[in-house]
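S.K.: Below is the sequence, then the predicted model.
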Amino acid sequence: MSHVDRIARISGHLKGTENTTPQAAIQAQPCSLGDSSGYERQNAALDDVVIVSALRTPMTKAKRGGLKDTTADDLMGVVLRATTERTGVEPEAVGDIVVGSVLGNSSQRAVECRMASFYAGFPEVVPVHTVNRQCSSGLQAVASVAAAIKSGFYDIGIACGVETMSQNPMSWEGGMNPRAATMSQTQGCLMPMGVTSENVAAKFGVGRDTQDKFAVGSHKKAAAAQRMGKFKDEIVPVSTKVKDPKTGQEHPITVSQDDGIRGNASFESLSKLKPVFKKNGTTTAGNSSQVTDGASAVLMMSRREALGRGLPILGVFRSFAAVGVDPAIMGIGPAVAIPAAVAKAGLSIDDIDLFELNEAFASQATYCINKLGLDESKVNVNGGAIALGHPLGMTGARCTATLLHEMKRRGRAARFGVVSMCIGSGMGAAAVFERGAEVDSLINASTASVQGHLSKDARV
């Protein structure tokens, strides 16, 4: 192409159009070089709290599964060590480890978690503490770490959850204050969780067939996810010992997958199970969450810290809400907490692409989905607690891991996700996470030494 031809082509891009109307006075001209307007604008801030790792142990049946003889500190030690080894984050760089736990003796569990940090190679300068907001304890740990990072208390923190329901069964210790019988709310706080499930089913008309069908769906989705290897990125295998109940002998094993999933579950088989909590009731062992053991860990830091370390970002923590409800129907908690958390994030329910809604009971999960008008194809796409299990203190952090790994697989098709659960004594909790345009996927890009006439959006 001659110089004259080049000048003519450039002039063609610069000259105005023949149409001189105000609307057509300025027009975009084709350009093969592109422009910064073609880059997606990101609403990212360096002080965003981001998640760079979310791991968990397998979840196994309490008193029968492969983790039944594994202590809470050993479970915690496994996920803590895996977190630092897989990310390369130095243990001494962690500002705090916050652990959600429900059933373990408060003081003893706090000491066990401190011991777990030493097992995992953390130095004594790294502090540890526990939190207990019943079934949302793991999610509360995530929210607590996010708040601390946002407040500038530290740049890196680990939110965890652990429960050994084999060794710490649900029970009430000590006497009962007689005043508890004088108020309906306090009486509701003391109701067995299964009774609150029956209350939700009766009050809101969630029938037995509906609950059993929901439970079958949970198992089918979880079985499909397990076959496809969807849990592999979040699960850390646990090498431990299991004791033979007859001989007392210990045998070494490695547990690498959840053991409560029943891919062959059917409506016919579940419909044969008898109600557990109420005569002629609807809540059974088949449409309730499984009692299980497990631990999880979520590594969080500021975006500035993650970028400086070149760590890929799984998601951004956007908001959290915990809201109280009538203790007698505590299962409705997510129906109140989800709208609150979504509103705090400046979003609407329709903006959410995926939901991890803890399936404490099919009755309450069904109610919450219907109440909020959720698209069921977005809810618990890999199954929920009915199939996977509900180790109380672990669940919130586990759901966070499952959600973020699924959002990663879906890429831009899943920008916003929610984790939520009901809470014993009458509450609900929910958190909103963002991926989509808010992650930094090109962390392996090489640094340019000179400007080189790149777009003004290019970072050098």
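M.R.: That came through fine.
S.K.: roughly how far out does stretch 221-231 sit from the chain middle?
M.R.: 17 Å (C-alpha atoms, centre = their mean, to the nearest Å).
S.K.: Buried residues in it, which are they?
M.R.: Lys221, Ala222, Ala223, Ala225, Gln226, Lys230, Phe231 (16 or more other C-beta atoms under 10 Å). From N, CA and C alone the C-beta is placed, and that goes for glycine too.
S.K.: One more: stretch 401-410?
M.R.: Buried positions in stretch 401-410, judged by neighbour count with 16+ other C-beta under 10 Å: Ala401, Thr402, Leu403, Leu404, His405, Glu406, Met407, Lys408, Arg410.
S.K.: Of the residues you listed, just say which sits nearest to Asp209.
M.R.: Thr402 (27.6 Å; C-beta to C-beta).
S.K.: Go ahead and flag the most central residue of the protein.
M.R.: Centroid-nearest residue in the chain: Thr400, 1.2 Å away (criterion: C-alpha atoms, centre = their mean).
S.K.: And the stretch of helix or strand it belongs to, what does it pack against?
M.R.: Thr400 belongs to helix 395-410 when assigned by DSSP states H and E. For helix 395-410, the packing partners by 3 or more C-beta pairs under 8 Å, 6 or more residues apart in numbering; DSSP states H and E come out as strand 49-56, helix 137-150, strand 156-164, strand 292-302, strand 315-324, strand 354-357, strand 416-423, strand 427-434.
S.K.: so how far is that helix from its chain's centroid?
M.R.: Worked out by C-alpha atoms, centre = their mean, helix 395-410 lies 5 Å from the chain centre.
S.K.: where along the stretch 51-200 of the chain do the strands fall?
M.R.: 60-61, 96-100, 128-131, 156-164 (DSSP state E, counting those that start in this stretch).
S.K.: Tell me the one of the buried residues of stretch 401-410 nearest Ser271?
M.R.: Thr402 (28.2 Å).
S.K.: what sits against that closest one?
M.R.: For Thr402, the contacting residues are Phe231, Glu234, Glu356, Asn382, by C-beta atoms under 8 Å, 6 or more residues apart in numbering.
S.K.: Measure how buried Arg412 is and give me the count.
M.R.: For Arg412, the neighbour count with other C-beta atoms under 10 Å is 12.
S.K.: that's a helix at it, yeah?
M.R.: Yes. Assignment of Arg412 by DSSP: H, G, I helix; E, B strand; the rest coil places it within a helix.
S.K.: now it: how far from Val52?
M.R.: 20 Å (C-beta to C-beta, to the nearest Å).
S.K.: before we move on, what about Ser101?
M.R.: Distance from Ser101 to Val52, by C-beta to C-beta: 23 Å.
S.K.: Those two: who's more crowded?
M.R.: The neighbour comparison of Ser101 against Val52 (other C-beta under 10 Å) goes to Ser101, with 30 against 22.
S.K.: rewinding a little: select from the contacts of Thr402 the one having the most neighbours.
M.R.: Glu356 (30 neighbours).
S.K.: ok, that one touching Val419?
M.R.: Yes. Assessed by C-beta atoms under 8 Å, Glu356 is found in contact with Val419 at 4.7 Å.
S.K.: phi, psi of Val89?
M.R.: The phi and psi values for Val89, taken as degrees, to the nearest 10, are phi -70, psi 130.
S.K.: Quick check, pLDDT for it.
M.R.: pLDDT recorded at Val89 is 98.
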